[in-house]
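Engineer: when you get a sec, could you give me coordinates for this:
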Amino acid sequence: MTLARGELEAFASEMFEPFARNDQRRWGRVYLRGLLTDGKRKSVEPMAARLGEDGNRQ
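Structural biologist: Sure, this is the predicted structure:
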């Protein structure tokens, strides 16, 4: 794991820790990673597709 990825994971853990449910914390981390990836469209479905996730879920 690169230093930047480790720092991002630490930030995401701290940022999403207050979320009540585990799935909310997980999707928060996915969303954050999606915002940082290449790609013109930053809506949920295209970001999820780039990350290999199902973007049809709320």
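Engineer: and the strands in this protein?
Structural biologist: Applying DSSP state E to the chain gives no strands.
Engineer: okay, and the helix or strand of it with the least pLDDT?
Structural biologist: The helix or strand of the chain with the lowest confidence, counting by mean pLDDT, DSSP states H and E, is helix 44-51 at a mean of 83.
Engineer: against which helices or strands is that helix packed?
Structural biologist: The contact analysis (3 or more CB pairs under 8 Å, 6 or more residues apart in numbering; DSSP states H and E) places helix 44-51 against helix 22-36. C-beta here means a position set from N, CA and C on the backbone, and glycine is covered the same way.
Engineer: just the residues contacting the helix it packs on, thanks.
Structural biologist: Residues outside helix 22-36 that contact it (CB atoms under 8 Å, 6 or more residues apart in numbering): 8-9, 12-13, 15-17, 19, 42, 44, 47-48, 50-51, 53, 57.
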